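**Student:** let me see the structure of the following:
(2 chains)
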Amino acid sequence: MKRINIWSLVAMLCFGLTACGENLGGDDNGGNGGNDSKVAIAGEWGIVSWNGAEPVFDIYVDFNEDGTFEMYQQVYSLTYELFTGHYVADKGIINGSYSDGSAWKCSYKYTVDKDEAGVQRLTLDSEETIVVTSVYTATEIPAEVKAEASETRAMEVEPFL
Amino acid sequence: MNKGKLLLISLVALFAASCATDSVDESASVEQSAVAAKKFVNTSDNAEQGKLIIYVSEECATRLECSEVTRSGMTELDLLASDLGATSITPVFNLKVNGERKRAMGMDRWFVVNFPVQESLEGAADRLANIDYVEAVQFSTIIPRPVQQAVEFDPASIAQTRAEEYPFNDPGLYYQWHYINRGYVTLYPTSVAGEDINVEPAWKYTSGRPEIVVAVMDEGVCYTHEDLKDNMRANEAELNGVEGVDDDENGYVDDIYGYNFATNGRVSWGRDGDSGHGTHVAGTVAAVNNNGIGVVGVAGGSGSGDGVRIFSAQIFSGKQTAGYDATAQAAEYAADNGACILQCSWGFEPNAFSGDNMFVQGIAGVEYKAFQYFIETKNCDALDGGLVIFAAGNEGQPVAGYPGAYNDYIAVTAYAPDGLPAYYTCYDKGCNVSAPGGEYYLVGNSWAETGCVYSTLPNNTYGYMQGTSMACPHVSGIAALGLSYALDLGKTYTVDQFKSLLLTSVNSFDEDRFADFKANPEGGTLNLASYRGKMGTGKIDAYRLFMGIRGVSCIPVSTTESNTIDFNAFIGDGNVSMKMLDYEISDETREALGITYDAAFGGKLALECTKPGAGTITVGLVAGGKNVGGGMVTGGMRIEKEFAIIARPGVPVDENGQPQIPGGWL
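**Tutor:** Now for the predicted structure:
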């Protein structure tokens, strides 16, 4: 009986934590729970602000619910490039790694809310000495961006990873 | 004092006075000759007889404009005109169109004096130069005529359709390695795949827009050609007007698809001495694409009437060639009739001018002024002026021929299907960028032409030609294509910005191969080492231009380490070699990036940033060669390129301080 009670307690605790994660994920304010936080930020995002200004570059990220992501960036090259990998969102912090095993440059505090127009907004604050804020809004990643990044590039851009 | 002594003194005084007067007269005459000599802006070498170009004072210009020959009211000029039997003194430029702007540029002060050819040209010039209000006298030098025999080849003879392999269904595209080089050794034995203008991926975005108009300054363009006619820009007033009548009152009769300035008549292409040169370069710019016949043009559209438009500003006609005045009028006409690109596959022999000053003084005015007018005329919503693009020359000299060598104009060198300099191309000083010009090669004792550029020829024929003349329209076509794309995106540029974009949208030559020798089909070998770093900024790439128009690529810099930026790593394919002249960082960027130190160092920029942020740095570069042309120097073009900079911690730098691309953004 005693053993049964202990395992019941463990199970209840697990259930309770999961429920708590669901709540945090559901209120769109980031979260403390692993998988459910992924649900909160899951979707396609496009960068609208970096370091307080409209960026001259372009980034789209598709955070999948299964913990994988695809990122399409046009920053250091003239064409979009595709980066893939895994991420973990836990306790309001998101971190990840690329498919080649290299880590993200830092982890980020994240919040999900809505902007003035009611559009879903993802804010990432870098966990660095000087915090840099990036703001993304929910947006469908243009098909041409995906096509350009996935096809063999005519310009033979150097692989950056 | 006795009378005899007084007489002697008087005589001595008189003699002395007489000597002094002679001396004054002589000195005044010498001075006058020196002043007159300074008015000559060129020599009578290879000049048209019976014609002189003069630049006069404002008052004289006003009187001449509204007067008849020899009755301007300017006494000396009237007398001289009468003595010479002058048949006309007419304005060079057409002041009926954009007159106000032309007057502001002083273009109303240029006149042509026509007189019987038996009169001494130098004598007449001398007398004109001695008139006070004639401020400059110019001989009308005849522009060298391109001489080349095309090799005809009918694309309809191609048995196998290869449309599935190419973006357009024009049968000749297979032979146009200069657009899509698959490395077919049947076309050229040492052909290298990818040695082309990389236009295929660019065509996915656009293949032209009819709002972009290119004036072909050359032999006449065969506007009836089956593969050109749909992309010819027609002057509707003349097209629907009365033959022999200047329907649109622009000063030119029947200028439907352009005008023949060599003969002062209708555009022509079939006179004795015509080679098809103008039709060939026109086809490279904008032969109609995807119409199932003939060949493809760089900006010839998709087969839906959407190619860029061309018209003829003809300066060569049979064995006749326009002089300076008519060439100037052709450039003026191009500007007044909507062209934003002036395609010029011609030029003087290299070393005909010893530097930009000599060119400007030599051309001085009239032709130079007309080109300036073209550059300053806005005919495209995406560009605030016009682009002037020249062939570098085919003499194999380490200097481009003028006018192309002049600083404001783009001079194009040529490479072969192997991606190496063509054996004939001029290179080095004054050369700005390279494009395919093609090359004959030897098979046994015979020449094979399939390594040349394939394009349209008069009367619905097609054929091969080689030369920087053929390289030049590739750059004109790419510029036209880029402006089409800019219109699509709503982007706008200054002429300088667009030139900068164009000249940095390049791939480098494979420098390792420059250690070798290459067979020269005319005999012997080419020492490729001579061309190292001297073919302009590199091989022009249409797709890079498009990507440059679409957006910017950023240079990463570290906020935690010192950076020493070699900007060449961020231009074109990253292997170009352009000399940095200077740089400018705005206060806003300094603040945004927390810049604590910056200095030019060995052609690089040493930079220390303390804050994450974004900004821009404008860098002055030499496009072609190591020195900027101007003054006594023939050299490269100064361009200014704006780089976006992103400062972040963790950006890796190599042992030289060069920032490395950090990979994924997150």
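**Student:** CA only for contacts and neighbour counts going forward, please
**Tutor:** Will do.
**Student:** hmm, B:Thr90 and B:Val113 touching each other?
**Tutor:** Yes: B:Val113 lies in contact with B:Thr90 (Cα atoms under 8 Å); the separation is 6.8 Å.
**Student:** those two: which has the busier surroundings?
**Tutor:** Taking other Cα atoms under 10 Å in any protein chain shown, B:Val113 and B:Thr90 do not tie; B:Val113 has more neighbours (22 against 18).
**Student:** how is the residue of the stretch 101-250 of chain B found nearest chain A classified with respect to secondary structure?
**Tutor:** Closest contact between the stretch 101-250 of chain B and chain A, by Cα to the nearest Cα, is at B:Pro201 (6.7 Å). Local secondary structure at B:Pro201 is given as helix here, using DSSP: H, G, I helix; E, B strand; the rest coil.
**Student:** neighbours of the closest residue to it other than its chain neighbours, just the number please.
**Tutor:** Among residues not flanking B:Pro201 along the chain, B:Tyr543 sits closest, at 6.2 Å (Cα to Cα, 6 or more residues apart in numbering or on different chains). Using other Cα under 10 Å, B:Tyr543 has 25 neighbouring residues.
**Student:** just checking, what packs against the helix or strand containing B:Tyr543?
**Tutor:** B:Tyr543 is part of helix B:542-550 when elements are defined by DSSP states H and E. With contacts defined as 3 or more Cα pairs under 8 Å, 6 or more residues apart in numbering or on different chains; DSSP states H and E, the packing partners of helix B:542-550 are helix B:200-203, helix B:468-489, helix B:495-503.
**Student:** winner for burial among those?
**Tutor:** Greatest average neighbour count among these goes to helix B:468-489 (a mean of 27), per mean count of other Cα atoms under 10 Å in any protein chain shown.
**Student:** quick one, it and helix B:495-503 angle?
**Tutor:** 110 degrees (axes from the mean of the first three to the mean of the last three Cα atoms, to 10 degrees).
**Student:** what's the mean pLDDT across helix B:468-489?
**Tutor:** Across helix B:468-489, pLDDT averages out at 98.
**Student:** next: stretch A:78-91.
**Tutor:** Rounded mean pLDDT across stretch A:78-91 is 92.
**Student:** repeat that for stretch B:647-664.
**Tutor:** Rounded mean pLDDT across stretch B:647-664 is 92.
**Student:** chain center to that stretch: distance?
**Tutor:** Averaging C-alpha positions (Cα atoms, centre = their mean, to the nearest Å) puts stretch B:647-664 39 Å from its chain's average.
**Student:** cool, and stretch B:600-612?
**Tutor:** In terms of Cα atoms, centre = their mean, the centre of stretch B:600-612 is set 36 Å apart from its chain centre.
**Student:** what's the spacing between the residue sitting nearest the centre point of chain B and chain A?
**Tutor:** Geometric centre of chain B, nearest residue: B:Ile389, 2.6 Å, by Cα atoms, centre = their mean. Distance, B:Ile389 to chain A, using Cα to the nearest Cα, to the nearest Å: 25 Å.
**Student:** what residues does the stretch 451-600 of chain B have near chain A?
**Tutor:** When proximity is defined as Cα under 8 Å from any Cα of the partner chain, the stretch 451-600 of chain B approaches chain A at B:Tyr543, B:Arg544, B:Met547, B:Gly548, B:Gly551, B:Val552, B:Ser553, B:Cys554, B:Ile555, B:Pro556.
**Student:** what about the first one, distance to B:Thr206?
**Tutor:** Note on B:Tyr543: its distance to B:Thr206, by Cα to Cα, to the nearest Å, is 11 Å.
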